[in-house]
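Here's my sequence, what's the structure:
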Amino acid sequence: MTYQTRQVTGWVGWVWFAAMLMIIAGVFNFISGLYAIVNSGLFVGMPARLLLFDVAVWGWVHLIFGIVLFLTGLALTVGQTWARVVAAVLVMLNAMTQLIWITVNPWWSLAVIAVDLLVLYALTVHGREAKPLGA
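Alright, predicted model coming up:
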């Protein structure tokens with residue numbers, strides 16, 4: 001019986017870091033979305049205009065994104081290849097939705113965009129090193 005060993009470098013920690021950040025971002029989006037759904041009567045006043053779209057709709061979008069980000073982050077922790085591709089797409093979509101959400105909650109959106117950029121960097125630089133040990 002032959003056992004094959006695979007060299008794992010310290011860079012695999014970046015992918016774990018990305019997975020943990022995705023789980024955190026998923027929780028953040030879930031909480032933010034839930035808050036928007038519960039407080040759907042909220043209107044945000046901006047200089048010379050009023051936010052015209054329904055906050056509850058974006059709350060549902062963030063709630064669903066949060067769940068999917070959380071589950072994909074969990075899949076990344078076990079080294080699933082599909083999770084890296086899905087994670088990169090979701091993180092980019094999440095950053096774009098945060099740009100739309102920025103008028104409602106600017107500081108929160110900027111923090112989530114920063115987390116998304118860190119996750120994307122970690123996934124694209126050394127994502128291959130996080131393959132399952134049995135593969």
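
Where does Ser40 sit: helix, strand or coil?
State at Ser40, reduced to three classes by DSSP: H, G, I helix; E, B strand; the rest coil: coil.

Just the element for the closest residue in space to it that isn't next to it in sequence, please.
In this structure, Ser40 finds its nearest non-sequential neighbour in Ala56, 3.6 Å apart by CB to CB, 6 or more residues apart in numbering. All C-beta spots, glycine's among them, are computed from the backbone N, C-alpha and C. Element membership for Ala56 (DSSP states H and E) is helix 55-77.

got the CA positions of that helix in PDB?
Taking C-alpha atoms only, helix 55-77 is exported to PDB below (Å, rounded to 0.1, in the frame of the first residue of the first chain):
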ATOM      1  CA  VAL A  55     -35.200  48.600   2.400                       C
ATOM      2  CA  ALA A  56     -36.900  45.200   3.100                       C
ATOM      3  CA  VAL A  57     -36.100  43.900  -0.400                       C
ATOM      4  CA  TRP A  58     -32.400  44.600   0.200                       C
ATOM      5  CA  GLY A  59     -32.800  43.100   3.600                       C
ATOM      6  CA  TRP A  60     -33.900  39.800   2.000                       C
ATOM      7  CA  VAL A  61     -31.000  40.000  -0.500                       C
ATOM      8  CA  HIS A  62     -28.500  40.400   2.300                       C
ATOM      9  CA  LEU A  63     -30.100  37.700   4.400                       C
ATOM     10  CA  ILE A  64     -29.900  35.200   1.500                       C
ATOM     11  CA  PHE A  65     -26.400  36.200   0.700                       C
ATOM     12  CA  GLY A  66     -25.400  35.800   4.300                       C
ATOM     13  CA  ILE A  67     -26.700  32.300   4.400                       C
ATOM     14  CA  VAL A  68     -24.900  31.300   1.100                       C
ATOM     15  CA  LEU A  69     -21.700  33.000   2.200                       C
ATOM     16  CA  PHE A  70     -21.700  31.200   5.500                       C
ATOM     17  CA  LEU A  71     -22.300  27.800   3.900                       C
ATOM     18  CA  THR A  72     -19.600  28.400   1.300                       C
ATOM     19  CA  GLY A  73     -17.200  29.500   4.000                       C
ATOM     20  CA  LEU A  74     -17.800  26.200   5.700                       C
ATOM     21  CA  ALA A  75     -17.100  24.300   2.500                       C
ATOM     22  CA  LEU A  76     -13.900  26.200   2.100                       C
ATOM     23  CA  THR A  77     -12.700  25.000   5.500                       C
END
